[in-house]
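[1] 3D model of this:
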Amino acid sequence: MKITILSKSAVVVLAALLFACSGDKKETQSTKPVSTPVEKAPVEAKVEEKEPEVSQPEGEAVDSNASLTVSGEDLIGNSDCLSCHLKERQVVGPAFLDIAAEYENNDENVTKLANKVIKGGAGVWGEAAMPPHPTLSEEDAKTMVSYILGLT
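    Below is the predicted model of the structure:
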């Protein structure tokens, strides 16, 4: 039995060698000529350059040097103030209406409270401390405080 398995294996190996080394070589590349792409003339795109149209309401002149001002309400809405304060009720800090009732809306109080917003503080409205807001500009802080004090 060993001889038959050995002889069968030898036949298979010889057949594989004969097939692999056959003298009949076929070319793998086609002799058919490859077509070359046709060159197309470049197409020039016509781009019309127009000046942007700016519509202005009739009768209103717009000063191009005027800076855009943001209201105190918008500044507050885009800051972290509303995480501790609400307009009508106390959350962590006092309600804006309570602050407006406590302080008169004048330049001295606006400056004082704007500095308090920037530097932070505690003890006036309870034990909860207001964190400092050092990245807030003095002008924006005053705009925010003016809005709050104007709520009365």
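[2] going by C-alpha atoms from here, please, whenever you check contacts or count neighbours.
    Will do.
[3] and Gly121, what does it touch?
    Gly121 sits next to Ala129, Met130, Pro131, Pro132 when contact means C-alpha atoms under 8 Å, 6 or more residues apart in numbering.
[4] which of those count as buried?
    Among the contacts of Gly121, the ones that count as buried by 16 or more other C-alpha atoms under 10 Å are Met130.
[5] of the contacts of Gly121, just say which sits nearest to Ile99.
    Nearest to Ile99 among those: Met130, at 13.8 Å, using C-alpha to C-alpha.
[6] picking that back up, with pLDDT, secondary structure and distance to Thr152 added, can I get the contacts of Gly121 in a markdown table?
    Compiled in a markdown table, the contacts of Gly121 are given as follows (pLDDT from 0 to 100; DSSP: H, G, I helix; E, B strand; the rest coil; distance: C-alpha to C-alpha, whole Å):
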| residue | pLDDT | secondary structure | distance to Thr152 |
| --- | --- | --- | --- |
| Ala129 | 91 | coil | 24 |
| Met130 | 92 | strand | 22 |
| Pro131 | 94 | coil | 25 |
| Pro132 | 95 | coil | 26 |
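[7] make CSV out of the contacts of Gly121 and add distance to Lys87.
    CSV is the format used below for these (distance: C-alpha to C-alpha, whole Å):
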residue, distance to Lys87
Ala129, 19
Met130, 16
Pro131, 19
Pro132, 20
